[in-house]
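Engineer: Fold the following, please.
(chains A and B)
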There are 2 protein chains.
Amino acid sequence: MRRVAMVGAGMTQFGELFHLGMKDMLPMAVSEAAASVDKGFDRADVQAAWFGELVTTDGFATGILADTCGLLDIPVSRLENACATGNDAVRHGTMAIASGMYDVVLVVGADKVRETSSRTTFWDWMSMTRDAAWDFPLGLVAPANFALHAARYLYESPHATREHLAMVAVKNHHHGVTNPKAQMRFEITVQQVLDAPMVVDPFGLYDCTPQSDGAAAVILVAEELADRYTDHPVWVRGTGLGLDRVMHQHKRDMTTFPPTVKAAKQAYAMAGVGPADIDVAEVHDCFTGVELIDYEDLGFCEKWGAAGLIESGATYVGGRIPVNPSGGLKAKGHPPGATGVAQCVELFEQLRGESTNQVDGARLGLAHNIGGPTAVSAITILGADKP
Amino acid sequence: MRRVAMVGAGMTQFGELFHLGMKDMLPMAVSEAAASVDKGFDRADVQAAWFGELVTTDGFATGILADTCGLLDIPVSRLENACATGNDAVRHGTMAIASGMYDVVLVVGADKVRETSSRTTFWDWMSMTRDAAWDFPLGLVAPANFALHAARYLYESPHATREHLAMVAVKNHHHGVTNPKAQMRFEITVQQVLDAPMVVDPFGLYDCTPQSDGAAAVILVAEELADRYTDHPVWVRGTGLGLDRVMHQHKRDMTTFPPTVKAAKQAYAMAGVGPADIDVAEVHDCFTGVELIDYEDLGFCEKWGAAGLIESGATYVGGRIPVNPSGGLKAKGHPPGATGVAQCVELFEQLRGESTNQVDGARLGLAHNIGGPTAVSAITILGADKP
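Structural biologist: Alright, predicted model coming up:
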């Protein structure tokens, strides 16, 4: 397969951006990605684009991206895969270059979760990311459906307690403090997490990701063109996408996310690496308990080893396997279409030694989403070394 | 680029399918596509799938396709590009095989326009296919925004009249009579079209496509595997996707659709053919006047030549360039996500000599969508001869 290089990456601030519309955020992210290209980037070089957006708050998605970013003479497609949209969009940009149909592509992700209008409410988000006939009317919206998994995980795990969930929030808030793009730049304590108002057992307020607006963009090029843009490309080493049954009554084991396991298997195989080779990871921590399950599904520790892993400090920057140095969804924020792309923005900076919360000597990074009714996962593995 | 063969194609009846949900239609279309594979098809062969769906009436799209069709162990992505969704999904299946990442892929398109619920109304469809802040509140929903083009076309054209629009409806209804999958299987006359109640000038009721439910599916494989499935593959010769400004006040010439011109240029170049080589076409006739503009944008006649072309009978089956032998959107129906895929189903049958309204000796066919605020077009060129 044709090798694919990432030569630019950028994103907006994540947060409650009431002062910015979709038409503001898209050009901001694309401009920052273009400006990050070491040897300069002419937007006219882009031959095709993908737009990961979960809900079309502003209407006709591909046209709005093309119109606001001056991309009217190239194909633009919208990709949607619940909260795995971002990394699935990166997967499509990779496939596009691998196909030989295009040499330079742009991958953009964005959403405005804090946008409400007569036509789009938060309930629209919820209904389109689960089974509208069964789970949605039963109240299995995002916090509730992930809580079922975390509650069962705590029940079955020989070690894990709500304190371990809280440690994830504490770590990611700590990491987010140094990230100027993060939505929540303040430290919290385990006690504060435990004392916060309950949202849905076992998740208190600080166990939950905030609702966020934001956009992120990466520029991918064919191997032969990488030198034209930078002497320090980052390489797309592997991609994966996994699915699971949609309805919760069909899930056989609530303490694991099979989509993550399937996506990881594909991505590790494509990259020719294993979990022990990963130096830094940005994983989906929409709720604290999810990050613990991610550790096990991604192979960062054994089954039931997640509590020990977070307790040991190994997933802090400076530890054995730093997870979410950007602050993660928990502190950086979570505009779903942007989230996976923004994870790749963080890894791009990490693998070039340019992050604001740098992992020393990081050569291989993994970005991970889990979304929908815990039924889809997308993974991207990026590397500093040419495959 | 790696060559891509279409080895199977199938679809549901199009119509007001109040008795069928999305979860019924998806397996029906996929089963018919699998059954059409001459040497048999094992669903376990599918390595990746794309789902073109405009509105997620039933919720989480990729999971629902995977769950209902037994595709849980492969990647499934949702593609959305307004009414160009179907042919853009076929473009993605083609790219996926060309990339070398997959050898056998499934492309499915479906929508339930007649579905209404507390969470999805027809206004949701309208708001997500145009600019929600400008065109939508001004009332530029689909009939109105296409009527602006048709009205201007009639004003500027030296020949075209409402009678020529009516002739498109008469032809496509005539073609639809022989198609068992068509929603409207009855003949109409020019006078009936002209006498029908006005919807939005110059479109009366019979100038407008119906609202439809339906699903369609095609199976694509890498060149090396085609023989395993059939001795009569159809080849994907070219694909194209074009865009234009989103808002109508930014369109410079209302008598042409620049997205179609751009998409056609890409698809003809990729196929190494021109408009004169096309033996049969399925084009986007969501409103009668649109088919006339399509003739000119696709190069089937000169500028202002469309009225003469429809008048001459050249676009009937048996004429020089038969257009919409299936009945088109007008008579076959228009569930947007399915429409482009279903056009490819018709061409698959035409190019194998198996259509119910067969164009004698058809070797090269073109499928075309134009959608959104007349701002996106997707085109697929299929051929009976290996490229």
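Engineer: quick one, domains of chain A?
Structural biologist: Here the domain parsing of chain A from automatic domain parsing is A:4-120+A:213-234, A:128-211+A:236-383.
Engineer: nearest to B:Val4, of those?
Structural biologist: domain A:4-120+A:213-234 (9.9 Å; Cβ to Cβ). Placement of C-beta: from N, CA and C, glycine included.
Engineer: close to chain B, is that closest one?
Structural biologist: Yes. Using Cβ under 8 Å from any Cβ of the partner chain, we find that domain A:4-120+A:213-234 touches chain B at A:21, A:56-64, A:66-67, A:71-82, A:88, A:91-92, A:95-96, A:98-101, A:117, A:119.
Engineer: Kindly supply the PyMOL command isolating those of the residues you listed that are buried.
Structural biologist: To isolate the buried subset of the residues of domain A:4-120+A:213-234 next to chain B in PyMOL, counting by 16 or more other Cβ atoms under 10 Å in any protein chain shown, use the following:
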select buried, chain A and resi 21+56+57+58+59+60+61+62+63+64+66+67+71+72+74+75+76+77+78+79+80+81+82+88+91+92+95+96+98+99+101+119
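Engineer: Just the residues of domain A:4-120+A:213-234 next to chain B: which are in helices?
Structural biologist: A:61-64, A:66-67, A:88, A:91-92, A:95-96, A:98 (DSSP state H).
Engineer: Pick out the most distant pair among these.
Structural biologist: Across these (Cβ to Cβ), the longest gap, 28.2 Å, separates A:Asp67 and A:Ala98.
Engineer: Assumed A:Tyr236 was part of a strand.
Structural biologist: Just so we're on the same page, residue A:236 is Val rather than Tyr. Yes. Under DSSP: H, G, I helix; E, B strand; the rest coil, A:Val236 sits within a strand.
Engineer: before we move on, back to that, tabulate the ones in helices among the residues of domain A:4-120+A:213-234 next to chain B (a markdown table), appending pLDDT.
Structural biologist: Formatted as a markdown table, those follow (pLDDT from 0 to 100):
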| residue | pLDDT |
| --- | --- |
| A:Ala61 | 95 |
| A:Thr62 | 97 |
| A:Gly63 | 96 |
| A:Ile64 | 95 |
| A:Ala66 | 97 |
| A:Asp67 | 95 |
| A:Asp88 | 98 |
| A:Arg91 | 98 |
| A:His92 | 98 |
| A:Met95 | 98 |
| A:Ala96 | 98 |
| A:Ala98 | 96 |
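Engineer: how near is whatever residue of the stretch 151-300 of chain A ends up closest to chain B to A:Ala378?
Structural biologist: Per Cβ to the nearest Cβ, the residue of the stretch 151-300 of chain A with the smallest distance to chain B is A:Leu241, at 3.5 Å. As judged by Cβ to Cβ, to the nearest Å, A:Leu241 and A:Ala378 stand 5 Å apart.
Engineer: Overlap in contacts, those two.
Structural biologist: Residues within reach of A:Leu241 and of A:Ala378 at once, by Cβ atoms under 8 Å, 6 or more residues apart in numbering or on different chains, are A:81, A:84, A:87-88, A:91, A:263.
Engineer: Make CSV out of these and add distance to B:Ala367.
Structural biologist: Converted to CSV, the shared contacts of A:Leu241 and A:Ala378 look like this (distance: Cβ to Cβ, whole Å):
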residue, distance to B:Ala367
A:Asn81, 25
A:Ala84, 30
A:Asn87, 31
A:Asp88, 25
A:Arg91, 26
A:Ala263, 32
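Engineer: Do a quick rundown of the strands in the stretch 51-200 of chain A.
Structural biologist: Applying DSSP state E, counting those that start in this stretch to the stretch 51-200 of chain A gives strands spanning A:76-80, A:104-112, A:198-200.
Engineer: Which of A:Leu241 and A:Ala378 has more residues huddled nearby?
Structural biologist: Using other Cβ atoms under 10 Å in any protein chain shown as the criterion, A:Leu241 and A:Ala378 rank with A:Ala378 on top: 34 against 26.
Engineer: separation between that one and chain B?
Structural biologist: Using Cβ to the nearest Cβ, to the nearest Å, A:Ala378 is found at 8 Å from chain B.
Engineer: tell me which element that residue is part of?
Structural biologist: strand A:376-383 (DSSP states H and E).
Engineer: name the helices or strands packed onto that strand?
Structural biologist: Strand A:376-383 sits against helix A:85-98, strand A:234-243, helix A:258-271, helix A:336-351, strand A:364-371, with contacts defined as 3 or more Cβ pairs under 8 Å, 6 or more residues apart in numbering or on different chains; DSSP states H and E.
Engineer: where does A:Ala217 land in three-state SS?
Structural biologist: Going by three-state DSSP: A:Ala217 is strand.
Engineer: before we move on, the earlier item: mean pLDDT and distance to B:Ala307 for the strands of the stretch 51-200 of chain A - can I get that in TSV?
Structural biologist: Below are the strands of the stretch 51-200 of chain A laid out as TSV (pLDDT from 0 to 100; distance: least, Cβ to Cβ, whole Å):
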stretch	mean pLDDT	distance to B:Ala307
strand A:76-80	98	33
strand A:104-112	97	41
strand A:198-200	97	63
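Engineer: For those, give me TSV that also has distance to B:Thr315.
Structural biologist: Below are the strands of the stretch 51-200 of chain A laid out as TSV (distance: least, Cβ to Cβ, whole Å):
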stretch	distance to B:Thr315
strand A:76-80	30
strand A:104-112	37
strand A:198-200	59
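Engineer: Check the gap between the nearest residue to A:Met184 once chain neighbours are set aside and A:Met1 for me.
Structural biologist: Nearest non-adjacent residue to A:Met184, counting by Cβ to Cβ, 6 or more residues apart in numbering or on different chains: A:Ala331, 4.6 Å away. According to Cβ to Cβ, A:Ala331 and A:Met1 sit 36 Å apart.
Engineer: can you list the weak-confidence ranges in the stretch 51-200 of chain A?
Structural biologist: For the stretch 51-200 of chain A, the stretches with pLDDT under 70 are A:116-120.
Engineer: What parts of the stretch 201-350 of chain A come near chain B?
Structural biologist: So far as Cβ under 8 Å from any Cβ goes, the stretch 201-350 of chain A lies against chain B at A:240-247, A:250, A:262, A:266.
Engineer: let's see 10 Å
Structural biologist: A:239-247, A:250, A:258-259, A:262-263, A:266, A:270 (Cβ under 10 Å from any Cβ of the partner chain).
Engineer: What residues of stretch A:292-304 count as buried?
Structural biologist: A:292-301, A:304.
Engineer: right, I mislabeled it, should have said stretch A:261-271
Structural biologist: Those buried within stretch A:261-271 under the rule 16+ other Cβ under 10 Å are A:261-264, A:266-268, A:270-271.
Engineer: try stretch A:253-261
Structural biologist: Those would be A:254-261, for stretch A:253-261 by 16+ other Cβ under 10 Å.
Engineer: what sits against the residue lying closest to A:Met11 once chain neighbours are set aside?
Structural biologist: Sequence neighbours aside, A:Ala216 is the residue nearest to A:Met11 in space, at 3.7 Å (criterion: Cβ to Cβ, 6+ apart). If you count contacts by Cβ atoms under 10 Å, 6 or more residues apart in numbering or on different chains, A:Ala216 has them with A:9-12, A:14, A:25, A:29-30, A:32-33, A:52, A:86, A:89, A:107-110, A:181, A:335, A:337-346.
Engineer: Appreciated, that's everything.
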